[in-house]
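Q: I would like to see how this sequence folds:
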Amino acid sequence: MRKIIAISLMALSMQAVADKGWIATDVEVTAVTNTNSNGQSFSVVVTDGDGNYPCEDTTISFPLGAAGEDGDEGIHNRAFSLAITALTAGKRVSIYSYSDNSVCHAAAHIKLLK
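A: Model (predicted):
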């Protein structure tokens, strides 16, 4: 019985657990696209990160499905507006994923910084 419990615990500890969290902080937006792979998603290219988060200095996608529960178009549109504002005003942003903070294709939240 102890063997089974030990093997089960080892198997559970080896599984990667996706968690919500920041994927880029205090970065500069250098480009914004209105779609990503011709789908219901937009992307931002960010640079000048501090290297502490996985999606700094790369392209980050905001799929509609990641915005709110069941893909809230209002939330998605506001994120797109903030991304455009950051690009045109030269403001920095922080970007958050509510589903997996280890990948750059599931962002939902963007914070505009002064």
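
Q: Output the below-cut-off pLDDT ranges for this structure.
A: 1-18 (pLDDT under 70).

Q: Which stretches in it count as helices?
A: 2-14, 73-89 (DSSP state H).

Q: Enumerate every residue touching the closest residue to Arg92 other than its chain neighbours.
A: In space, and not counting its chain neighbours, Arg92 is closest to Leu113: 4.5 Å by CB to CB, 6 or more residues apart in numbering. Quick note: C-beta positions are derived from backbone N, CA and C, even for glycine. The contact partners of Leu113, by CB atoms under 8 Å, 6 or more residues apart in numbering, come to 26, 91-94.

Q: Mark which of those are buried, thanks.
A: 26, 92-94 (16 or more other CB atoms under 10 Å).

Q: beta partners of Val93?
A: Counting by DSSP bridges, Val93 is bridged to Val27, Leu112.

Q: hang on, it packs against Ile110?
A: Yes: look at Val93 against Ile110 with CB atoms under 8 Å: they come within range, at 5.4 Å.

Q: any shared contact partners between these two?
A: Shared contacts of Val93 and Ile110, counting by CB under 8 Å, 6+ apart, come down to 44, 82-83, 86.

Q: Tell me the one of these nearest Thr33?
A: Val44 (7.8 Å; CB to CB).

Q: Ala83 is in contact with the closest one, correct?
A: Yes: between Val44 and Ala83 a contact is recorded at 5.0 Å, counting by CB under 8 Å.

Q: quick one, which of these two is more surrounded?
A: Val44 (30 against 25; other CB atoms under 10 Å).

Q: got a list of what that one touches?
A: 29, 31-33, 59-60, 62, 83, 87, 93, 95, 110.

Q: what do you get for Phe62?
A: 41-44, 76, 79-80, 83, 107-108, 110.
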